[in-house]
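Engineer: Turn this into a model:
(one chain, ligands or ions: 1)
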Amino acid sequence: MNKDGSKFIIQGLAGKRRLVGRVRINGAKNDALPALAASLLCRDRLEIENLPIIDDVTSMLDLLTPLGVTVKKITARQFELKAPTKISTKLHSDVAKHLRGAVILTGPILGREGEVTFPHPGGCVIGARPIDAFLDGFRVMGATVREFATGYHLRAPPGGLRGGEIFFKNQTVTGTETLMMTALLARGRTVLKNCASEPEVINLGHFLIRAGAAIRGLGSSTIEVTGGARLRSGQHHYRVIPDRIEAGSFLILGALAGRVVTITHCEPTHLEAVINLLKSMGAIITIDRHTVTVRGGVAPRPLRAINVTTHEYPGFPTDLQALVGVLLTQATGESLIFETIFEGRLSYLHILKEMGATVTVHDPHRATILGPTPLNGRHVYSPDLRAGLAYILAAIVAQGETVVHNVHYVERGYERVEEHLRALGVDIVKVP
Ligand code: EPZ
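Structural biologist: All right, here's what the predicted structure looks like:
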């Protein structure tokens with residue numbers, strides 16, 4: 001995690017549509033993290049392709065190496081991982097406490113070695129980010145959980161984890177991924193209910209099935225796993241899917257300040273919620289296989305206000321909510337945002353308000369935006385990955401200069417973001 005305190009200086013377009021160009025979409029951060037964890041389930045080498053070159057991937061590798069996993073770099077986006085027969089059971093807390101994705105490793109370690117020690121996993125400030133669904137699931141499988149001030153120690157029963165029936169109180173993405181992998185190392189059958197069906201969950205499940213896992217119900221709310229398998233991944237590669245959140249981010253930027261912005265190497269079938277929302281606002285979108293082009297509406301026809309409710313996949317993704325919030329400040333009329341997944345994901349609206357937006361935050365989940373309003377540049381501090389990019393979008397549409405601090409948060413999940421933006425015509429400079 002490069003906490004180098006670097007920042008972006010951006011000259012705003014003052015609401016003009018100037019951006020033109022193409023952006024190649026990288027592999028999905030939230031598919032890369034479970035893919036790296038899956039190396040702990042494989043008897044032989046696991047080759048992972050199309051990894052994004054971002055800090056969160058580096059952090060995950062920094063967690064796997066001390067466990068004993070050998071990591072061989074084939075190319076910048078292709079790694080080969082090999083877990084030894086016995087791995088360490090302690091997660092490196094300095095790294096794990098800043099990376100929510102670290103929680104995905106806990107189940108596989110517990111299932112393989114019979115115990116695991118880890119800090120409360122960190123991540124962004126978007127909410128409490130509890131892990132009760134993981135701990136409750138491990139308890140169903142027979143594990144004992146001891147909580148310390150610094151984290152947790154879990155121990156499997158003497159005969160190893162045993163399958164059971166687990167109901168998720170929330171449709172948890174990493175919870176579904178982690179318990180699905182853990183169930184493969186438990187004896188007997190496990191039934192997971194109220195599962196997440198994000199494309200990243202499906203891609204992980206498809207890989208595990210190709211490597212020999214008995215998994216049924218992928219994509220539905222109930223996933224059944226038969227345990228006892230050690231996977232043979234040798235003949236299979238894990239190909240990380242295109243990042244639907246990065247793709248959606250650039251589509252929203254195109255609708256906000258684009259003349260013609262095209263994204264390539266994406267998966268349009270994973271983008272239906274954001275494409276339909278942008279079309280409803282008046283953006284013009286054309287799709288061709290793995291390429292999507294957005295025209296931000298021909299001025300002076302401004303974008304129309306709309307109500308946005310975030311929802312588990314295939315609904316509108318919470319990770320794009322802050323970016324759409326910026327877009328709604330430039331849409332004509334009153335829009336309602338209803339953030340149903342996280343309770344701390346509206347805080348960016350206070351900054352947009354200081355930049356000139358007309359915003360009313362009703363409660364931790366709902367806010368109203370009245371547009372269009374001009375935004376004025378200022379110093380802003382990224383609190384997390386997605387709000388950080390939202391501030392960059394606000395800076396692009398604003399009048400005057402904006403300095404976006406803490407861009408290391410943005411670089412956790414967006415590869416070479418300032419290069420992509422500059423290629424589209426954004427006046428952005430990174431300063432240490
Ligand atoms: C994944 O986080 C993503 N991260 C998040 O992306 C994304 O915002 C989130 O899913 C929702 O789509 C990765 O995949 C690495 P959840 P995750 O468990 O799995 C509650 C980004 O910017 N919950 O699906 O941690 C939780 O508080 C990140 O790329 C519990 O109550 O999210 C939330 O309200 C941010 N107990 C809801 O469930 C638990 O044990 C959904 O969270 C687990 C979750």
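
Engineer: how about the residues of this protein that lie near the ligand?
Structural biologist: Contacts of the chain with the ligand, taken as Cβ under 6 Å from any ligand atom, map to 29-30, 33, 100-101, 124, 127, 129-134, 170, 172-175, 196, 318-319, 341-342, 385-386, 413. For every residue, glycine as well, the C-beta is placed using N, CA and C.

Engineer: Are any of the residues you listed buried, and if so which?
Structural biologist: Neighbour counting over the residues of the chain next to the ligand (16 or more other Cβ atoms under 10 Å) leaves 29-30, 33, 100-101, 124, 129, 131, 133-134, 172-175, 196, 318-319, 341-342, 385-386, 413 as the buried ones.

Engineer: mind checking the SS state of S249?
Structural biologist: Secondary structure assignment for S249 (DSSP: H, G, I helix; E, B strand; the rest coil): helix.

Engineer: which stretches of the stretch 51-200 of the chain have low pLDDT?
Structural biologist: 123-124 (pLDDT under 70).

Engineer: where do the helices sit along it?
Structural biologist: Assigned by DSSP state H, counting those that start in this stretch, the stretch 51-200 of the chain shows helices spanning 55-67, 93-96, 103-113, 132-140, 173-184, 199-210.

Engineer: what about dumping the CA coordinates of the fourth one to CSV?
Structural biologist: I take that to be helix 132-140. Presented in CSV, the C-alpha positions along helix 132-140 are these (Å, rounded to 0.1, in the frame of the first residue of the first chain):
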residue,chain,number,x,y,z
ASP,A,132,-20.3,-12.1,11.6
ALA,A,133,-21.6,-14.0,8.5
PHE,A,134,-18.1,-15.6,8.2
LEU,A,135,-17.8,-16.5,11.9
ASP,A,136,-21.3,-17.8,12.1
GLY,A,137,-20.7,-19.9,9.0
PHE,A,138,-17.4,-21.3,10.4
ARG,A,139,-19.3,-22.2,13.7
VAL,A,140,-21.9,-24.1,11.7
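
Engineer: Against which helices or strands is that helix packed?
Structural biologist: On a contact count with 3 or more Cβ pairs under 8 Å, 6 or more residues apart in numbering; DSSP states H and E, helix 132-140 meets helix 103-113, strand 144-147, strand 152-155, strand 165-167, helix 173-184.

Engineer: quick check: angle from it to helix 173-184?
Structural biologist: 10 degrees (axes from the mean of the first three to the mean of the last three Cα atoms, to 10 degrees).

Engineer: Look at stretch 365-380 and report the distance between its end residues.
Structural biologist: For stretch 365-380, the first-to-last residue distance is 22 Å (Cα to Cα, to the nearest Å).

Engineer: buried residues in it?
Structural biologist: By neighbour count on 16+ other Cβ under 10 Å, the buried set for stretch 365-380 is 365, 367-378, 380.

Engineer: distance between it and the chain's centre?
Structural biologist: Stretch 365-380 sits 24 Å away from the centroid of its parent chain (Cα atoms, centre = their mean, to the nearest Å).

Engineer: so for that stretch, what's the average pLDDT?
Structural biologist: For stretch 365-380, the mean pLDDT works out to 98.

Engineer: again with stretch 275-290
Structural biologist: Mean pLDDT, computed over stretch 275-290, is 96.

Engineer: Next, the buried residues of that stretch.
Structural biologist: Residues 275, 277-278, 281-283, 285 are the ones in stretch 275-290 that count as buried (16+ other Cβ under 10 Å).

Engineer: List the contacts of that stretch.
Structural biologist: 242, 251-252, 254-255, 264-268, 292-298, 301-306, 308, 316, 324, 327, 331 (Cβ atoms under 8 Å, 6 or more residues apart in numbering).

Engineer: Could I have the CA atoms of it written out in PDB?
Structural biologist: The C-alpha coordinates for stretch 275-290 follow below in PDB (Å, rounded to 0.1, in the frame of the first residue of the first chain):
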ATOM      1  CA  ILE A 275     -26.200   1.200 -18.900                       C
ATOM      2  CA  ASN A 276     -29.900   1.300 -18.400                       C
ATOM      3  CA  LEU A 277     -29.600   4.000 -15.800                       C
ATOM      4  CA  LEU A 278     -27.500   6.200 -18.000                       C
ATOM      5  CA  LYS A 279     -29.900   5.700 -20.900                       C
ATOM      6  CA  SER A 280     -32.800   6.700 -18.700                       C
ATOM      7  CA  MET A 281     -30.900   9.900 -17.900                       C
ATOM      8  CA  GLY A 282     -30.600  10.700 -21.600                       C
ATOM      9  CA  ALA A 283     -27.100   9.400 -22.400                       C
ATOM     10  CA  ILE A 284     -26.600   7.800 -25.800                       C
ATOM     11  CA  ILE A 285     -25.000   4.300 -25.500                       C
ATOM     12  CA  THR A 286     -24.000   1.800 -28.200                       C
ATOM     13  CA  ILE A 287     -22.800  -1.700 -27.500                       C
ATOM     14  CA  ASP A 288     -20.700  -3.900 -29.700                       C
ATOM     15  CA  ARG A 289     -19.500  -7.200 -28.200                       C
ATOM     16  CA  HIS A 290     -16.800  -6.200 -25.700                       C
END
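
Engineer: Filter the buried residues of stretch 275-290 down to the ones in helices?
Structural biologist: Among the buried residues of stretch 275-290, the subset assigned to helices under DSSP state H consists of 275, 277-278, 281.

Engineer: how about the helices in the stretch 201-350 of the chain?
Structural biologist: Here the stretch 201-350 of the chain has its helices, by DSSP H, counting those that start in this stretch, at 244-257, 272-281, 321-328, 348-354.

Engineer: hmm, back to that, out of the contacts of stretch 275-290, list just those in strands.
Structural biologist: Here DSSP state E is the test, and the contacts of stretch 275-290 give 264, 292-295, 308 as lying in strands.

Engineer: My understanding was that G159 contacts R187; is that so?
Structural biologist: Yes. Proximity of G159 to R187 meets the contact threshold set by Cβ atoms under 8 Å, at 7.2 Å.

Engineer: The residue nearest to L61 when sequence neighbours are not counted: neighbour count?
Structural biologist: Closest residue in space to L61, ignoring its immediate chain neighbours: V71 at 5.5 Å, by Cβ to Cβ, 6 or more residues apart in numbering. By the criterion of other Cβ atoms under 10 Å, V71 has 14 neighbours.

Engineer: likewise G344?
Structural biologist: Neighbours of G344 under the rule other Cβ under 10 Å: 15.

Engineer: One more: L36?
Structural biologist: Close neighbours of L36, defined as other Cβ under 10 Å, add up to 28.
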